[in-house]
Structures are given as C-alpha cells and as structure tokens.
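J.: Predicted model and sequence below, questions to follow.
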Amino acid sequence: APPAWLNRGVLLRSSPASEHQLIRHVLAYCLAQQYELPALLVIDYLVAIKSSPFVLLFGPRGQGKTELVRLFAQALTAPFDDQYTYVNCGVQFDQTAVQFQDRFSWIKFNETLETAANPANTGKLFFLCLDRLRFSDVAAYFAKTVRGADGHLRLVMRGYPADRWPILPPNVIITGTLDADDLHAPQ
C-alpha cells in the first residue's frame with residue numbers, strides 16, 4: 001500500500017519517516033531497478049512535489065525526465081498499476097492525430113483526477129505523468145487553480161463552466177515533461 005502520509009503539499013506531515021529516509025528509500029529502489037539517479041535530482045523532485053500541485057520537468061529528450069517520475073511513483077506505490085497514469089502528449093503526425101491525442105490525453109487526465117478524488121482512494125497516492133507536453137498543453141493542464149465554494153482546489157479550464165472545473169485532489173502528483181528539443185519544433 002502507498003504511504004498514506006504522502007500527500008501533495010503535506011508530504012511528510014504525519015510520517016514516521018524522515019525526508020532523509022524517504023530519499024534513501026527512493027534511491028535504493030531506483031538502484032535495485034538498475035537506475036542510478038543523482039540524489040540531488042530526487043531531492044529536487046521531492047521539494048517540487050511538496051510545494052506545488054504541478055511539476056514541470058524541462059530538458060533534452062532522453063535524459064530521464066519520464067523515468068524519474070515513473071521510478072519515484074513505483075518506489076512509493078508499488079505495485080502501482082492503478083496509481084500511475086502515463087499519457088504521451090507528443091503526437092507529431094497530422095492535425096487529426098493531434099486532435100485525437102489531445103482528446104485522449106484530456107480523458108486520461110480527468111479520469112485520473114476523478115479516481116483519486118473518490119473517497120475510497122483517500123489514502124492512496126496517484127501519479128499522473130503528462131509526457132512530451134507542448135507549450136500550449138501547459139496552458140491547458142497547468143493554467144490556474146482556485147479554491148471552490150465547496151472547499152476543493154479546482155483547475156480553472158477556459159471554456160468550461162466553473163461547476164465543471166476538475167477537482168485537484170491532494171493525493172495526486174501531476175508532472176509534465178517538456179523536451180527542450182521541441183522548443184522550436186512546429187506545434
């Protein structure tokens with residue numbers, strides 16, 4: 001079972017484990033999976049997910065941004081089949097394929113948020129990795145949050161009425177990756 005104390009913004013509030021123990025655990029897990037990650041990278045990612053509802057990892061393609069998210073998720077939620085959602089947003093075919101991928105990505109995004117918000121999943125940690133985002137995706141998925149009248153943190157979605165803005169549950173860690181190689185590629 002995932003550690004119930006690991007929640008976005010309050011990662012270690014009631015944990016019997018220290019941050020040092022958590023970092024050692026993640027590094028040991030990665031090493032057991034044949035990945036040697038720098039400790040500072042794991043520390044930086046931990047700080048980011050503790051302080052923000054969204055984390056964007058930016059860098060050259062093939063440098064391990066997505067692997068960091070996957071390994072971190074596995075280390076904390078194994079077996080994590082239903083608690084890790086990977087969405088490849090990097091379709092670069094024709095416009096129809098991009099529109100289909102955008103629709104699929106949005107469905108998977110909402111589905112993960114709804115699953116995590118289910119009261120039966122309160123003690124479970126969910127990771128959502130939106131891989132190879134385009135800059136326009138950042139505006140759609142990571143725009144602005146507000147606290148609704150119901151007390152829930154919600155993602156403001158342009159073009160949607162406020163009552164349809166998705167809830168951002170505290171047990172979801174959302175990470176997007178942006179490839180520096182795609183910075184000047186046609187969108």
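T.: Structure's in. What do you need? Residues are numbered from 1 along each chain as shown.
J.: the strands in this protein, which residues?
T.: Assigned by DSSP state E, the chain shows strands spanning 54-59, 84-88, 126-131, 144-147, 153-156, 172-179.
J.: possible to save those strands as TSV with mean neighbour count, mean pLDDT and distance to Asp137?
T.: Heads up, the C-betas are built off the backbone N, CA and C, glycines and all. TSV is the format used below for the strands of the chain (neighbours: other CB atoms under 10 Å; pLDDT from 0 to 100; distance: least, CB to CB, whole Å):
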stretch	mean neighbour count	mean pLDDT	distance to Asp137
strand 54-59	18	92	10
strand 84-88	19	88	10
strand 126-131	24	91	7
strand 144-147	12	86	15
strand 153-156	18	88	13
strand 172-179	24	91	7
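J.: would you list the ones you listed in TSV and tack on distance to Trp106?
T.: As requested, the strands of the chain are exported to TSV (distance: least, CB to CB, whole Å):
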stretch	distance to Trp106
strand 54-59	16
strand 84-88	9
strand 126-131	10
strand 144-147	17
strand 153-156	11
strand 172-179	13
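J.: Which among these is found nearest to Gln21?
T.: In terms of CB to CB, the element of the strands of the chain nearest to Gln21 is strand 172-179, at 18.7 Å.
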